[in-house]
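Enquirer: Quick check, what structure comes out for this input:
(2 chains)
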Amino acid sequence: MDIRTRRQLMDLSGRVLAALGALAIFGAIFLLFGFLAREVAPLLRPASAEQALRVEQDARLAKILAESVAAGVDEYLEQAFLLQRDGTFHLLDLSMGDPLTTVDSTERPPLWAGGAKASVARYDPLAGRIVVGMEDGRALPVDIQQRAAFIEGRRTVELLATVGDAVRLEPHGRSLVHIDWAAGQNREVAAGISEEGRLVVLIREETRSLFGGGQRSEHAHDLTPLLSGRATALALAPDGLTLAVGDDGGLLYQWDLANASSPRLIGKIVANGPEAGRVAEEAGRGSFAVTALAYLIGGRSLVVADAGGGVTTWFTVPVEGHGQLLQPVHRHQGHVAAVVHVAPSQRNRNFATADAAGVVKLHHSTSEQTFFSLETGAGSLGGLVMAPKNDALLLVKEGSVELWSVSNPHPEVSWKTLFGKVHYEGYPRPAYVWQSTGGSNAFEPKLSLIPLAFGTLKGTFYALIFALPLGVLGALYTSQFASKRLQQIVKPVVEVMAGLPSVVLGFLAGLWLAPLIARIFPAVVLMAVSIPLALIACAWVWRRLPGPLRERFPAGVEALLLMPLLGLVVLGSLQLGPVLESLAMRGDFRFWLFDVFGWTYDQRNSLIIGIAMGFAVIPVVFSISEDALSSVPQELVAGSLALGVTRWQTVTGVVVPTALPGIVSSVMIGIGRAVGETMIVLMATGNTPVMDFNIFNGFRALSANIAVEMPEAPVGGTLYRVLFVAALLLFLFTFFLNTLGELVRAQMRKRVERL
Amino acid sequence: MSALWQASKAAMPKGPSHKEEALIAPARRPGFWRSGDPLVWMSAGALAVSLLMVLGLVLLVAVRGAAYFWPAPVLRLELADGSTVIGEQVARERAPAATPSSGARHRIQLKVGNRDVYGMDFLWVDEDQIALRETPREIAVLERLQGGDAYGIPVRLESAQGTVHGEGMWQRFQELHAQVVRLRNEIRRLERDRVGAINHRIEAARLALVRLGRSGAKDPRRAAEAARQEEIIAQAEREYQEVLQEIRSLRSQLGKGVLVLALADGRELEVPVSEIVRVYFPNAMNLMQKLGWYASKLWEFVSQEPRESNTEGGIFPAIFGTVLMVLLMTVAVVPAGVLAAVYLTEYAKEGWVTSVLRVCIRSLAGVPSIVFGAFGVGFFIYFVGGRVDRLFFPEKLPAPTFGTGGILWASLTLALLTLPVVIVATEEGLASVPNSVREASYALGATKFETVWKVAVPGALPGIMTGVILGIARAAGEVAPLMMTGVVKLAPELPVDGHPPFLHLERKLMHLGYFIYDLGFQSPNVEAAQPMLFATALALMVIVFALNFAGIRLRSRIRARAADRV
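Expert: Got it, this is the predicted structure:
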């Protein structure tokens, strides 16, 4: 290759390489944004469901289905079971490719002998129990477990069933049409409704005496006389302490079963219609019969569905004059036909409902979302079960069994739960709450970004209050009044300040400044007043100094002269602080703050953050402001001074207005710095996500929250993605703020050049 | 600043002077407030406050950090109630309950040490309770491997050769301790080098076995290979047992000799010689000895590993981790940053594209570091790292290799973070190369490529250096993105060691900034850790300031050069 082509080639490749470098920068920004968005996107993806499997065979399957009273499916979606009225199980192998051959014909021995027939059964997958109601009025709990076993490396699912002791629930031997069973601490409770509408409860309690001897007692109650209508649905809270019953008049009854010998009716509440939630004594009755009741995981939220298709979630809330009463808190998209089944999720606050027309909907209680509505074909469903991992719905129909696979990875997140007030279980009213992890499986993550954004803004606000005057005025002084020597000292000091690692600032703020201020708080209050006063006094004295004495000092070194004076003021304030505390603050400023203002004082509070983060913001504000102020053409200043205007008037009338865009941009870039600051807020606030304007309380900021929770968040989980939402918000906010700041600065530079 | 401004300033040093006022119109002298003087003083005050704060902070860290190594005198106090305490004074403050009328009552905080005996490290003593204050020369401070420092008066040394009191005790102790130090070093060498090498071999063989098992097939050659690997493992296990035996026998030689201290309250504390790091008598030291001690402590601080959950010992691994990470970051950020800057200044036509790019780059500089951290976790660790693991390290799964935080990902995250700094500085450097130089190059027939890379870029080297140094300074002080991408409080191994491939990019690392965060906010005994915290903060500040200072000096030189050319 001759040298010319080589050089040309080199030239070309250099151009390409450089362009690639620039492209890489664009790429990096896009990647940053794109990737954050990619991680957030699944939160917004709507849930979906599709039919995955349909088992439909012959008359025999139809007969089995007609006879079955309960159904369930294992967590791998490999095996479904059907419990027959005669106590036998049928298993369906869902993992086989050809659904037509999947009915398992090997019959197991029936769960109970003697040919008794079940009239009703209720499967509680969370407790792993089916409670069977018999035609003779007995109730029989059966523990059910679908366990995966590995045989020669291949996974197979076994169904284990253990039959408990039957109890005679209906004393007259009548058939049961609704039933529930709960096993709480030291007690087992059965409740049922008989074919003639009788509501019966049986509580079996084991009281343990101090000396170890256990005593069992059994209490049967017939609660029918307390009903105003005919009972149509019931549900027992999993701890066995609350019984909820619905009747055909649209009333919901809340019973307290804590005292086994005398259940107490806490309230009769209108379940639906315009008066829903009010007590029956005041508002009469509801519009539709209650048709299904079910408790969600955690045992606090109760789903109430009615003949009019309405679906609501209830939990106890303090109601004036009535104590803790069940109230309709979340309303969900209803059905057209009467709701016949409610199937709670085993993992979260999801639940599925099915109506008489075969329409199935999936809801989430807290976020009030309804994800989809499935037309499963004409005819009522015999059963509806949510798969253990929420990834499928098992539908038992008249002639077939269907498995619908469900994709709904982040049900608890919606715009409303991220940014709105949400009424969580156990809270008296809707609130903004961030609480991402809890102790038990039943814990519901509360992911409102509002308290965190509030914390970020609170910290930024106090930091700016501290940093803006110091930064802007300092820059003003440096650029307009300071001598050249002083300027040469100040600029490197500010660079030092800018270079301070924020972890050092955070450590000093959290471990040194916070305890210090907690000790000398009154002196700090004094300083806030005495320093400006001392400065004004200084100006006054200076003016009255004889001219010759004044001229002995070089011009533009006021700041240096002030430093020892300020030192003295600080020392004096420190000495007088305790005096102030004992005279004006009754000897202890914390009590005084609380007594007079009702404020509590946290050691790590927003004041500390204001100072520490202010420290980080001052250099940003200072250097950009200083840059803008000293770029004001000197002809303007000189012209103004020549007209006999004082220095200060020149500054306020000429310099500041010209440099204003630069100062504004310094504030914007300073805000950007404060908003994103992580280590200082992480180390010097208590990191409690409270919403409170009090300067003496801490907060939790978006940035610190990411730092704290990201390492613990399971990849791809809801918390992980919500943290990416926080990161994306921070990114967009600071990026736009900085862009705006840069544009304003550029604009100003152009204007100044024209002057 | 222009000459005109200087002149106007000289003419009017402080508002209109008395003479001028008299000349113009005395009645027009503005009032105190309208003159703006208070506000001038206020702005001067704002600057003064800022300066005071910076100086105060730097002094605070410098003094508290540097004091950590100084052998402070140990006090022996007899209190009014007849009890005695021994300890180092660490703080003095106004007693909280004191009313102003009762006068300035103060209390002092003593570090009493002997955590295993007293269950605490610190004690507050009211000054008016002190009956006698002295600094006896015979008080010894024992730095121990566990339980923090011990303060007391050595009374005897018990060893296999019998008990020694008084004069001979010290000499005997020196001998015993020298032997202990030798043994300890030997044990550490064995544990780190021999055991490390054996583990490395076992791990390699185990992975080879997994690979063989993965490719299935009962091929005789594979079977032979598998048997060979099994043999390697068995061999290594045997060697491991031998080394273990050796370590055990060394350990058994350690546990001889007990130094008995008389504590302040008359109790005796037995400290095994094998537990002692070193002993010194601060009250008996002269200035030279103290300086020597200071130097040796300082050396320990920068060269040793931390002890006692990071509250004692040195910070060498953290310094090493910080430096290595920053170096890797530099390797990643410089080519990209320089190329981008070269494109922007040398190749691209000035227009809206370059303006947009410039604004984007500056805005990127303002994006919070925690956002880069989140990006690093999501993109580098889980997205890229997860794929790398599946492609190249399937035999280790489900244990992640690159699919978890490590020095590579931390460095790349920081590289992204510092990219704008490097680009801006390089641009500035390129702009300071006068166009006449480029034109001269073209005039000699050079191509664009030659002009850019052989004339402009070398001329801009100081600018590039500035950017790199400032970037490094920012990266060295950054913690938030690192705590998510691979920094840990205590890394068992350095990322560089003697086993191939020598530089282990997947390993976790220690970092000065995170060390401070962890020690200050996650450690169980924060108060005892404070001196170490200040010392580490000082170390970090010294590094960052030195880098910043170098960067700023370089930059101002370039600016001066550019200004000269204009």
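Enquirer: Every contact and neighbour count from this point should use C-alpha atoms.
Expert: Will do.
Enquirer: residue boundaries of the strands in chain B?
Expert: B:74-79, B:84-94, B:106-111, B:122-126, B:130-134, B:140-144, B:150-159, B:162-165, B:258-262, B:268-272, B:276-280, B:306-307, B:312-313 (DSSP state E).
Enquirer: packing partners for the last one?
Expert: Okay, so that is strand B:312-313. strand B:306-307 (3 or more CA pairs under 8 Å, 6 or more residues apart in numbering or on different chains; DSSP states H and E).
Enquirer: How many residues are close by residue B:266?
Expert: Residues contacting residue B:266 under the criterion other CA atoms under 10 Å in any protein chain shown number 11.
Enquirer: do residue A:178 as well
Expert: Using other CA under 10 Å, residue A:178 has 24 other residues around it.
Enquirer: likewise residue A:74?
Expert: Residue A:74 sits with 20 neighbouring residues when counted by other CA under 10 Å.
Enquirer: Quick one: residues contacting it.
Expert: Taking CA atoms under 8 Å, 6 or more residues apart in numbering or on different chains, we find residue A:74 in contact with A:80, A:146, A:147, A:157, A:387, A:388.
Enquirer: Give me the distance between the residue in the stretch 651-755 of chain A that chain B sits nearest to and residue B:383.
Expert: As assessed by CA to the nearest CA, chain B sits closest to residue A:676 within the stretch 651-755 of chain A, at 4.4 Å. Taking CA to CA, to the nearest Å as the measure, residue A:676 and residue B:383 are separated by 24 Å.
Enquirer: still on that earlier bit, just send the contacts of residue A:74 back as JSON lines, with secondary structure, distance to chain B and pLDDT too.
Expert: Converted to JSON lines, the contacts of residue A:74 look like this (DSSP: H, G, I helix; E, B strand; the rest coil; distance: CA to the nearest CA, whole Å; pLDDT from 0 to 100):
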{"residue": "A:80", "secondary structure": "strand", "distance to chain B": "31", "pLDDT": "86"}
{"residue": "A:146", "secondary structure": "strand", "distance to chain B": "27", "pLDDT": "83"}
{"residue": "A:147", "secondary structure": "strand", "distance to chain B": "24", "pLDDT": "83"}
{"residue": "A:157", "secondary structure": "strand", "distance to chain B": "25", "pLDDT": "79"}
{"residue": "A:387", "secondary structure": "coil", "distance to chain B": "27", "pLDDT": "90"}
{"residue": "A:388", "secondary structure": "coil", "distance to chain B": "25", "pLDDT": "89"}
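Enquirer: From the residues you listed, list just the buried residues.
Expert: Buried subset of the contacts of residue A:74 (neighbour count, 16 or more other CA atoms under 10 Å in any protein chain shown): A:80, A:146, A:157, A:387, A:388.
Enquirer: Number of residues surrounding the spatially closest residue to the last one that is not a sequence neighbour?
Expert: Across the structure, with CA to CA, 6 or more residues apart in numbering or on different chains as the measure, the residue nearest residue A:388 apart from its sequence neighbours is residue A:75 (5.0 Å). Look at residue A:75: counted by other CA under 10 Å, it has 17 neighbours.
Enquirer: do the same with residue A:727
Expert: Neighbour tally, residue A:727, other CA under 10 Å: 28.
Enquirer: Look up which helix or strand it falls in, please.
Expert: Element membership of residue A:727, judged by DSSP states H and E, is helix A:718-754.
Enquirer: Buried residues, that helix. List them.
Expert: A:718-731, A:733-746, A:748-749.
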